[in-house]
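J.: The sequence and its predicted three-dimensional model are supplied below.
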Amino acid sequence: MICSLRTLSQSLAFCFVLPGMSSAQSNSSAEGIPVTDPLMVAKCGSCHIRDERGNMERVSWARTTPEAWQDTLKRMILGYGVSVTTPEARSIVKYLSTNHGLAPEEARSVRYDAERRVRDETNLPRGGPGNTCTRCHSLARALSWRRSVGDWEKFADSHAARYKTPSEATVAFLAKAAPLHTPEWDAWSTKARTPALSGRWQVTASLPGRGQFYGEMQVDSVGDDEFTTRVMLTSVQDGSTIARSGRSAVYGGYAWRGRSRGSEPAGPAPDDLASEAREVLWIAPDQSTAEGRWFWGQYQEFGFDVKLQRVSSNPTLLAVDRVSLKVDSQANRVRVIGLNFPAELTPADLNLGPKVTVRRVVSHTATELIAEVDVAAEAPLGQRDLTFGRSVLPGALAIYDRVDFVRVKPDSALATFGDAKHLRGYQQFEAIGYQRGADGKSHTTDDLEIGPVDVTWSLEVFYAANGASSDSVGKMSATGLLTPATTSPGNNFDVWVVATAKDEKDQNGKPLVGKGYVVVTIPAYTFNGHRYVRDLDRWVDDGPVSRTQ
């Protein structure tokens, strides 16, 4: 997500109420969360007074994510002269994230903000956050906080006064949607939350434009809540491999925040898989699985979607080398990747549902099998799970009879030119084939996704002022990567990203065409250069934190 300097500064300010605005009186009816950490008391107690129960003004009536607590502490350092060393800053964020954080169930619904995913927030309530919060940032940023009613009132009033936004409907919405006390938090806050993550984890990952990857990660503890990692990923598409290693910290028992890089130096390509990446993962409460994103880029535009699962001794399905099968087709070769396949297996061990028959197993090892699959002409259309014993790969393959249209993903996007101080913001596109669903209409909820389509990419500028062409905007690679022009022309371009299918035709015999909309614009004035904005993992090794940094 890209925003202006003013927008970002506003969004940071939205995350707290300034010192001197006491909430003790308005929170008198709410049960606060006592602050017991001596370092917090020493560093924050002069402004945030504690009462006889240990409740600290405002802090005891708010809960949020590690990123938001870090932003708040950073604001106190830069704006109010709080003096802390790097270890002290890290300790404070850890304490707040654990004792004044979110329960895993609360964090899961808003984790796309920390994972830097662009998500279309639609159907917002009228007259509430749709007219206030989302003017400057995602609704997830607001819902990442949990507050008492009194604290939400103070929070909204301060914004109404400063930014001339209505507050009554917003307070009503936030007080109901994000209260201080919830059953999830009450249950989670009483549990021991030491992350026991050391060991072997199986990894599946996908990267737009690159397809699926699989591999194994070794996690080793270097403290109660800090870990080192080593992972080897293999491409399902071409078998290429990438080794990465990293270091991570886990906040509140489930919020994985880390950084990793390839074993070899990254090359000049912006989407190089060896690039240093931020790692943001959500660990399940039972610590058996995790999911999230590893991302990099000036605007965090590149990234793996990642899922982790503890390695077990049971047969486990990880991936298949294709995503669809056509009806009335025979002897389709399907490569299935997994773990612990037995020495002896039969076609009956694999199941893809009715009217899809595994004819024979061509070959197999403990980690891979190749099968020949027949699909009957009358096979029901739709997504099919692949099962092997008790292991299930949900929605592994789509059964279809034709490609009706091509959709470019994302269908709307933003890319940026570079300049002397800012790197370019790239955008990766994909062309996905679809079949119209039972309603016979394209672009409706029952459309069947068939998978990537081989296409030729091009750009079409909406309005080519002064003879400007797509060359003024940038270039599309054969894999769908938009690389903006090196020099910013100082204005925006509205552009169609056009995907023309090489093999799929419409009813008139013409190639299927899909289009996506992108605005290519001047660099966004983000704070990415500030070395500890949202860089929780870097606080492990950086020098002292001061107002001048």
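T.: Structure's in. What do you need? Numbers count the residues shown, from 1 in each chain.
J.: Excluding chain neighbours, give the residue nearest to S240 in space.
T.: What sits nearest to S240 in space, not counting adjacent residues and going by Cβ to Cβ, 6 or more residues apart in numbering, is T234, at 7.4 Å. For the C-beta atoms, the positions are set from N, CA and C on the backbone; glycine is no exception.
J.: should've said Q218
T.: What sits nearest to Q218 in space, not counting adjacent residues and going by Cβ to Cβ, 6+ apart, is R230, at 4.7 Å.
J.: helix or strand for that neighbour, which one?
T.: Under the criterion of DSSP states H and E, R230 resides in strand 226-235.
J.: Now do that strand: distance to the chain's middle.
T.: From the chain centre to the centre of strand 226-235 is a distance of 18 Å (Cα atoms, centre = their mean, to the nearest Å).
J.: Name every strand pairing with the helix or strand following it and say which way it goes.
T.: Remark: after strand 226-235, the chain's next helix or strand is strand 241-251, criterion DSSP H and E. Strand 241-251 pairs in its sheet with strand 226-235 (antiparallel), strand 255-262 (antiparallel), by DSSP bridges.
J.: any weak-confidence spans in the stretch 1-150 of the chain?
T.: For the stretch 1-150 of the chain, the stretches with pLDDT under 70 are 1-29, 122-128, 130.
J.: Now do V236: how many residues are near it, please.
T.: Counted by other Cβ atoms under 10 Å, the residues lying close to V236 total 20.
J.: what does W69 give?
T.: 25.
J.: Return the residues in contact with the residue nearest to it when sequence neighbours are not counted.
T.: Leaving aside its chain neighbours, W69 sits nearest to L96 (4.3 Å; criterion: Cβ to Cβ, 6+ apart). With contact taken as Cβ atoms under 8 Å, 6 or more residues apart in numbering, L96 is in contact with 40, 59, 69.
J.: Tell me which strands the longest strand along the chain pairs with, and in which orientation.
T.: Assignment by DSSP state E gives strand 493-505 as the longest strand of the chain. Strand 493-505 has the following strand partners under DSSP bridges: strand 455-461 (antiparallel), strand 511-521 (antiparallel).
J.: so which of those strands gets nearest I337?
T.: Shortest distance between I337 and those, using Cβ to Cβ, is found for strand 455-461: 26.1 Å.
J.: List the buried residues for the closest one?
T.: Buried residues in strand 455-461, counted by 16 or more other Cβ atoms under 10 Å: 455, 457, 459, 461.
J.: Throw those residues into JSON lines and include pLDDT and distance to E115, thanks.
T.: JSON lines is the format used below for the buried residues of strand 455-461 (pLDDT from 0 to 100; distance: Cβ to Cβ, whole Å):
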{"residue": "V455", "pLDDT": "97", "distance to E115": "28"}
{"residue": "W457", "pLDDT": "98", "distance to E115": "27"}
{"residue": "L459", "pLDDT": "95", "distance to E115": "29"}
{"residue": "V461", "pLDDT": "90", "distance to E115": "32"}
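J.: and which of these is nearest G262?
T.: G262 lies nearest to W457 out of the buried residues of strand 455-461, by Cβ to Cβ, at 26.8 Å.
J.: Burial check on the residue nearest to that closest one when sequence neighbours are not counted, number of neighbours?
T.: Take W457 and drop its neighbours on the chain: the residue closest to it by Cβ to Cβ, 6+ apart is M476, 3.9 Å away. M476: 20 surrounding residues under other Cβ under 10 Å.
J.: Tell me the bridge partners for M476.
T.: With DSSP bridges as the criterion, M476 is bridged to L482.
J.: same check, this time on L325
T.: On the basis of DSSP bridges, L325 is bridged to I399.
J.: For L397, see how far away it is.
T.: With the distance defined as Cβ to Cβ, to the nearest Å, L325 ends up 6 Å from L397.
J.: Next, show the common contact partners of those two.
T.: The contact sets of L325 and L397 overlap at V334 (Cβ under 8 Å, 6+ apart).
J.: Setting the sequence-adjacent residues aside, check what's closest to P208.
T.: Of all residues not flanking P208 in the chain, Q428 sits nearest, at 4.5 Å (Cβ to Cβ, 6+ apart).
J.: what's near enough to touch the one you found?
T.: For Q428, the residues meeting the contact criterion (Cβ under 8 Å, 6+ apart) are 208-209, 271, 301-302, 480-482.
J.: could you pull out the helices for the stretch 51-200 of the chain?
T.: Assigned by DSSP state H, counting those that start in this stretch, the stretch 51-200 of the chain shows helices spanning 66-80, 86-99, 104-108, 111-114, 139-143, 149-163, 168-177, 183-188.
J.: who touches the third one?
T.: When you say that, I think you mean helix 104-108. For helix 104-108, the surrounding residues in contact (Cβ under 8 Å, 6+ apart) are 65, 101, 144, 146, 182, 184-185, 188, 253-255, 282-285.
J.: Taking those, tell me the two that lie furthest apart.
T.: Distances among the contacts of helix 104-108 were taken as Cβ to Cβ; the most separated pair is R146 and A284, at 20.6 Å.
J.: Between these two, which has more neighbouring residues?
T.: The neighbour comparison of R146 against A284 (other Cβ under 10 Å) goes to R146, with 24 against 14.
J.: What's opposite the more buried one in the beta bridge?
T.: The partner list for R146 in beta bridges (DSSP bridges) reads R63.
J.: That one: what's it in contact with?
T.: R146 is in contact with 62-64, 102, 106, 178-180, 182, 185, counting by Cβ under 8 Å, 6+ apart.
J.: again, only using 6 Å
T.: Residues near R146 by Cβ atoms under 6 Å, 6 or more residues apart in numbering: 63, 178, 180.
J.: Tell me how far it lies from A175.
T.: For R146, the distance to A175 - Cβ to Cβ - is 10 Å.
J.: for A277, same thing?
T.: From A277 across to A175, the span is 37 Å (Cβ to Cβ).
J.: Look at these two and report which has more neighbours.
T.: Counting neighbours by other Cβ under 10 Å for A277 and for A175 shows that A277 has the greater number, 24 against 18.
J.: isn't that one right up against W296?
T.: Yes - using Cβ atoms under 6 Å, A277 makes contact with W296 at a distance of 4.4 Å.
J.: How about the contacts made by the residue nearest to the spatial centre of the chain?
T.: Centroid check for the chain by Cα atoms, centre = their mean gives E115 as the closest residue, at 3.4 Å. Counting by Cβ under 6 Å, 6+ apart, E115 makes contact with 280, 292-293.
J.: re the thing from before, give the residue from L325 and L397 that has the larger number of neighbours.
T.: Between L325 and L397, L397 has the larger neighbour count (other Cβ under 10 Å), namely 25 against 20.
J.: What does the pLDDT read for that one?
T.: Here, the pLDDT recorded for L397 equals 97.
J.: hang on, the earlier thing: which phi and psi does the residue nearest to the centre of the chain have?
T.: Backbone geometry at E115, expressed as degrees, to the nearest 10, gives phi -80, psi 0.
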